[in-house]
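Enquirer: based on what follows, work out the 3D shape:
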Amino acid sequence: MRSNSRRNLPNDYSIMPTTSPIGRQTPRVDGPFKVSGNAQYASDFHFPGMLYAVPVEATIASGKIQNLDPAAAEKMPGVRAIFHRANIGKIFRSTPGQGFEGICIERRPPFEDDVIRYYGQYVALAVADTFEAAKAAADAVRVSYSKDKPNVETNLKAEDDPAEVPTAYGPEKRLQSERGDPEAAFTSAPIKLDQTYVTPAETHNPIELQGATAIWDGSTLTLYEESQAIFNMRGVLAQMFGLPKENVRVITKFVGSGFGSKLWPWTHCPLAAAAARQLGKPVKLVLSRKMMFQSVGHRARTQQRVRLGATPEGKLVSLQHDYVYHRSVLDNYHENCGEATAFQYSVPNLRVKFGRATRNIGTPSDMRGPGAVPGLYATESAMNELADQLKIDPVQLRVLNEPKIDESLGIPFSSRHFLECLNLGAQKFGWSKRNREVGSMKKNGLTLGWGMAGAAWVAARFPAAASVELRDDGTVRVASGTQDIGTGTYTILAQLAAEKTGVPLEKVEVALGDTTLPEGPVSGGSMATGSLVPAVFAAADNAISSLLSMATTTPGSQFEKRQPNELSFEGGKVFVKAEGPTGGVPFADLLRRANVRLVTGSGSGEATFGEKKPKFSKHSFGCHFVEVTWQPEIARLRVSRVVTVIDAGRIINPLAGRNQIEGAVVMGIGMALLEHTTYDPQNGAPINSNLADYIVAVNADVPKLDVHFLDFPDKEINALGARGIGEIGLAGMAAAITSAVYHATGVRVRELPVRIEDLLTSSVLA
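Expert: Numbers count the residues shown, from 1 in each chain. Predicted coordinates for the structure are as follows:
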């Protein structure tokens with residue numbers, strides 16, 4: 001499907017009913033395990049003689065350890081050891097490899113030196129027979145420091161970095177994209193907009209706390225961990241303990257969500273492994289909720305200046321996006337706010353550039369929609385402000401600036417149906433009834449505000465491998481060493497295997513989450529599903545090919561005198577092509593006749609992420625339409641209605657897909673109205689480091705969500721034309737909400753989240 005291509009679809013663009021497993025609304029195959037309590041998460045594993053570990057955290061954010069006294073803690077009942085720099089044993093520093101190999105956001109091994117760089121940095125580790133004893137011992141360790149005043153300043157100014165800087169994912173040029181002469185075009189533009197937008201630090205808050213259980217068997221390490229990338233974790237841990245990769249096994253059967261915080265190894269992982277190595281027993285280390293705010297990542301604070309130049313008719317002539325984000329003293333994490341800027345709209349003169357500001361905080365990391373989510377908040381907000389300035393409908397402004405190709409790369413889009421998203425979203429929302437005047441729309445005594453914004457997210461594949469077994473009992477096993485982080489990967493793999501083999505879903509077994517399986521993709525970037533399609537399909541084809549060869553060589557087989565190329569496989573049966581499937585033989589019968597338990601096929605798919613010279617620009621697109629209600633008498637603001645339309649290729653499971661977008665929209669409500677992490681300027685600690693003070697969206701904050709998918713398969717991604725959808729539902733959502741807030745209240749909020757005190761200045765309230 002090429003750029004601007006169209007298909008005849010039903011009026012509501014709904015996905016048509018299907019008898020195939022692909023495209024069918026399918027309940028999660030792992031659901032019964034979860035609701036029955038049989039699903040084992042990382043901290044659910046227990047082993048004989050297991051010990052418990054609790055880290056000792058720094059109570060300053062900048063300075064140096066002067067003295068660490070474990071004596072009192074070591075004498076406490078049940079305490080096995082207090083580990084610190086002097087006795088933890090050797091932990092090597094890991095190094096990055098090729099592609100997505102060896103990624104570690106906080107590269108410094110725990111206890112490597114006595115310098116404190118952020119509040120909560122681990123300085124010691126208490127290990128005991130019970131968790132309670134370990135916690136008491138950790139509290140009893142006495143640490144004194146020489147303190148420096150921490151820098152947690154919220155006003156960000158770009159430091160004097162070189163033109164190219166190292167990052168966790170490789171070198172990045174600070175001038176990310178440029179075309180034309182954006183400065184001159186902006187200066188001469190008849191209409192100008194120059195505004196700065198700010199997003200705060202946000203902390204991942206998955207239900208499942210991070211943790212690890214480590215077991216050594218001689219020189220072999222097994223780690224039970226809630227990882228989003230088990231093979232990367234295996235590689236990093238192998239380096240840190242000087243082991244060959246085959247001596248490290250990582251197991252992640254279920255993940256209680258991660259939102260990116262569980263993508264890469266954090267320092268608690270090697271601490272658990274080092275303690276288990278020293279004591280010769282399994283060691284479990286599970287972080288507290290407070291620790292989750294300090295040492296396992298967060299979305300970086302950003303400050304983004306957007307300058308738009310346009311004609312009076314609304315055609316963009318210049319776009320400049322200059323952004324700064326905070327980073328820790330230890331890391332080079334890059335918050336790529338310019339990810340979507342250069343291709344989202346047609347503009348002849350453009351520049352995207354970034355800067356960095358170092359702070360005494362735990363390292364930022366990927367959080368759902370990294371880079372693009374805060375970036376699109378800024379650029380989509382600027383587009384909405386420009387529309388208001390021009391008195392043009394914001395939907396029409398986007399239509400006017402729809403690109404024909406990716407102007408940043410000069411290549412066509414593999415599939416772009418943003419205009420269809422806008423049309424369907426406006427239709428479903430009733431956008432034509434919008435009165436653009438601020439505070440003009442009323443319902444049931446409330447003031448309504450309507451807003452919208454566009455969305456985009458990259459589409460690509462990671463390398464992936466899988467295996468498929470056809471068994472003599474008529475069942476199928478599909479396996480890949482990827483992981484299900486709560487998004488439905490178990491179900492998707494079952495659907496893929498059922499599609500290729502014709503076996504009902506209930507007869508498909510799915511094996512995931514173990515580095516002994518074929519190497520699967522990272523569960524990040526909304527790329528796992530798209531990456532697994534070619535791997536599973538190739539594995540199934542190879543298993544079927546083996547089956548057909550066996551069928552022609554088995555004495556007494558109906559196909560003994562045939563050649564494999566004369567046979568075909570469909571609906572779980574083998575038949576002669578020329579005779580059709582009516583007289584087909586179930587593959588289980590053939591296996592039993594041959595006295596073969598199973599035939600296996602392996603398959604793999606290549607990566608497209610990071611292609612040097614792509615032929616097509618591959619992305620998903622979408623839009624959000626939002627209604628808020630404003631009650632000025634009590635300054636009460638609520639999101640009352642959301643319509644979201646997503647163009648993400650073919651949707652393999654609309655039920656799980658809709659769940660993904662709904663969850664992302666809920667996070668968008670939290671991003672716009674509630675979530676922010678605040679650091680204490682005195683000691684650098686996250687102040688609201690608990691779920692009472694760090695407010696996330698809950699049921700009462702969320703209206704019924706109306707989600708629609710277009711159905712334009714993108715065959716440049718894989719044979720099914722499926723792209724990932726985890727992140728895109730969050731992209732642009734905050735901009736749509738703040739646009740609706742302005743429409744209702746007259747207050748233009750450019751720093752998230754929207755606060756009551758922002759709205760108390762509303763002329764409507766007055």
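Enquirer: for M452, which residues make a bridge with it?
Expert: F625 (DSSP bridges).
Enquirer: so who does it touch?
Expert: Shown in contact with M452 (Cβ atoms under 8 Å, 6 or more residues apart in numbering): 384, 394-395, 425-426, 429, 431, 623-626, 736, 739. Where C-beta positions appear, they are placed from N, C-alpha and C, glycine not excepted.
Enquirer: any idea which helix or strand comes after the longest helix along the chain?
Expert: Counting by DSSP state H, the longest helix found in the chain is helix 528-553. Where DSSP states H and E defines the elements, the next helix or strand beyond helix 528-553 is strand 567-570.
Enquirer: quick one: the strands in the stretch 551-700 of the chain, in order.
Expert: With DSSP state E, counting those that start in this stretch, the ranges of strands along the stretch 551-700 of the chain come out as 567-570, 573-576, 585-586, 598-605, 619-631, 636-647.
Enquirer: what does the stretch 301-450 of the chain give?
Expert: Under the criterion DSSP E, counting those that start in this stretch, the stretch 301-450 of the chain contains strands at 302-310, 316-328, 350-359, 441-443, 446-458.
Enquirer: relative to strand 316-328, how tilted is the first one?
Expert: So the one you mean is strand 302-310. Strand 302-310 and strand 316-328 are oriented at 170 degrees to each other (axes from the mean of the first three to the mean of the last three Cα atoms, to 10 degrees).
Enquirer: which other residues reach strand 302-310?
Expert: Contact with strand 302-310 is made by 155-156, 182, 185-186, 188-199, 316-325, 335, 337, 349, 374-375, 378-379, 381-383, 386, 390, as judged by Cβ under 8 Å, 6+ apart.
Enquirer: off-centre distance for that strand?
Expert: Relative to its chain's centre, strand 302-310 lies at 26 Å (Cα atoms, centre = their mean, to the nearest Å).
Enquirer: which strands border that strand, and is each parallel or antiparallel?
Expert: According to DSSP bridges, strand 302-310 has the following sheet partners: strand 191-199 (antiparallel), strand 316-328 (antiparallel).
Enquirer: buried ones in stretch 705-722?
Expert: Residues of stretch 705-722 classed as buried by neighbour count (16 or more other Cβ atoms under 10 Å): 705-714, 716-718, 720-722.
Enquirer: which ones among those residues map onto strands?
Expert: Per DSSP state E, strands hold the following members of the buried residues of stretch 705-722: L705, D706, V707, H708, F709.
Enquirer: about what we covered before: just the buried residues of stretch 705-722 now: which is nearest D472?
Expert: Nearest to D472 among these is L720, at 29.0 Å by Cβ to Cβ.
Enquirer: pretty sure that closest one sits against N653.
Expert: No: using Cβ atoms under 8 Å as the test, L720 is too far from N653 to be in contact (11.5 Å).
Enquirer: what about the helices in the stretch 651-766 of the chain?
Expert: For the stretch 651-766 of the chain, the helices defined by DSSP state H, counting those that start in this stretch occupy 654-673, 733-745, 756-759.
Enquirer: hang on, the earlier thing: out of the strands of the stretch 301-450 of the chain, which comes closest to R117?
Expert: R117 lies closest, by Cβ to Cβ, to one member of these: strand 316-328, at 6.7 Å.
Enquirer: could you export that closest one as CSV, CA atoms only?
Expert: Extracted in CSV, the C-alpha atoms of strand 316-328 (Å, rounded to 0.1, in the frame of the first residue of the first chain):
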residue,chain,number,x,y,z
LEU,A,316,3.2,26.4,6.7
VAL,A,317,6.3,28.1,5.4
SER,A,318,8.6,27.5,8.4
LEU,A,319,8.8,25.1,11.4
GLN,A,320,11.6,25.3,14.0
HIS,A,321,11.6,22.8,17.0
ASP,A,322,14.3,23.4,19.6
TYR,A,323,14.1,21.3,22.7
VAL,A,324,16.0,20.6,25.9
TYR,A,325,15.6,17.7,28.2
HIS,A,326,17.1,16.8,31.5
ARG,A,327,19.5,13.9,32.0
SER,A,328,21.3,12.4,34.9
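Enquirer: my guess is P70 meets I82, correct?
Expert: Yes: using Cβ under 8 Å, P70 and I82 qualify as a contacting pair, with a distance of 3.6 Å.
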